[in-house]
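Participant: Sequence first, predicted coordinates after that:
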Amino acid sequence: MEPGRQRYRKLPGQRRGFIFGSSVWMGSDHLLLVKSARFREEYRRFHFRDIQAIVTAKAQRFHISTRAALIGCLWGWASAIAVLSALAPKILGPALGLVGFLLVFVWVYQSAKCSCRCRIYTAVSSEDLPSVYRTWTARRFLAAVEPVLTQAQGAIEGNWAEAVEDREIGPPAAGRIAPRMPGAAAPLPPPPPAVQTARTPISLFFVAMLCLGGLADLLTMRAGAKAGHWIMMGFLVPQLAAAVAVMVQNYQGRLRPAMRNLAIVFLASVGIWYYSVQMAAAFAIAYQGAASHDNKVTPAQLAPMDLIGYPVSRGAAGGIALLLGLAGVALLLQKERVPSNV
């Protein structure tokens, strides 16, 4: 980096829209608000000594980010494949419908109950911060900004209403020495870094469902196909819902990335396992037709989804779930640690 060049650190929160975007960066003596509209960007500086207040208030923010749109497109792509392949009327269709309902429910709940507006005030203006629109992002944003503002302006002790009347806003004029703010104390140390955790009720439920579901599938391999169907789906639906919830909590900053990675591996494994069953069913149907020299296709051959209830399919699914569950147990037993990069 060139000597004397301003260095910026990105603050928590970023708005990613189809057209508009926003983020806030911290410099050596100011905050930099960046607003983008595709090929145009606007920059605005707020010096630490000029900032009078940063106010957050709960408000409904039904914002559709590019991340949410990508998740919706993946869900639509999977639904389209399931419908066109005519293999999903019994199980995959309801499962995808449930996943879609959970995704919409999570988005609506966050937009209605976990959203806020954030505005920064100076002596001459006020400006919205579009990148801070979730409550957990606002808490992280204020935790990062408050220490540097306290260091630049000092802390008020005692009756702050009387002290504010004598406070001078903004940098002193040229040739003038700024008076010391009444009651100003030494700069406060930055808050201690947050401890990363892997143990929340959602993560515990997710790992428990993986272990119990894997054991149930392995222990009931000799059960009939219909009974195996219901046993597998009884655990698969809660596992999928818990995996989505784990990813949401990681996005909120409550869970360690390792638990999020476990949820991603589980979702990917479910998809690979399902399509492997389909391919095996297709090869089995083709081989049976070639061996019997019969071109007739029976209704059972049109529903290879029924094969997921058979022992081999359930055993594979149970083994995958149990292995991932044991990996989750190992993550839960790890000692909590403080991030070294904070």
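Facilitator: The structure has been received and is ready for your questions.
Participant: what ranges do the helices span in the stretch 151-300 of the chain?
Facilitator: Assigned by DSSP state H, counting those that start in this stretch, the stretch 151-300 of the chain shows helices spanning 160-165, 201-219, 225-251, 257-292.
Participant: Now the element after the longest one, going C-ward?
Facilitator: For helix 257-292, the following helix or strand on the C-terminal side (DSSP states H and E) is helix 311-333.
Participant: Helix 201-219 and that following helix, what's the angle between them?
Facilitator: Helix 311-333 and helix 201-219 are oriented at 150 degrees to each other (axes from the mean of the first three to the mean of the last three Cα atoms, to 10 degrees).
Participant: Need the contact partners of helix 311-333.
Facilitator: Residues from elsewhere that reach helix 311-333, judged by Cβ atoms under 8 Å, 6 or more residues apart in numbering: 198-199, 203-204, 206-218, 220-222, 228, 231-232, 235-236, 239, 256, 258-259, 262, 265-266, 269, 273, 276-277, 307-308. All C-beta spots, glycine's among them, are computed from the backbone N, C-alpha and C.
Participant: got CSV for the helices of the stretch 151-300 of the chain, with mean pLDDT, mean neighbour count and distance to residue 101 too?
Facilitator: Below are those laid out as CSV (pLDDT from 0 to 100; neighbours: other Cβ atoms under 10 Å; distance: least, Cβ to Cβ, whole Å):
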stretch, mean pLDDT, mean neighbour count, distance to residue 101
helix 160-165, 57, 11, 49
helix 201-219, 85, 20, 18
helix 225-251, 80, 19, 10
helix 257-292, 75, 15, 17
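Participant: Would you mind giving those as a markdown table with distance to residue 138 added?
Facilitator: A markdown table is the format used below for the helices of the stretch 151-300 of the chain (distance: least, Cβ to Cβ, whole Å):
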| stretch | distance to residue 138 |
| --- | --- |
| helix 160-165 | 22 |
| helix 201-219 | 22 |
| helix 225-251 | 14 |
| helix 257-292 | 22 |
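Participant: closest to residue 32 out of those?
Facilitator: Among those, the nearest to residue 32 by Cβ to Cβ is helix 225-251 (24.3 Å).
Participant: In which helix or strand does residue 67 reside?
Facilitator: Taking DSSP H and E as the criterion, residue 67 maps to helix 66-84.
Participant: Next SSE downstream of that helix?
Facilitator: Later in the chain than helix 66-84, the nearest helix or strand by DSSP H and E is helix 92-113.
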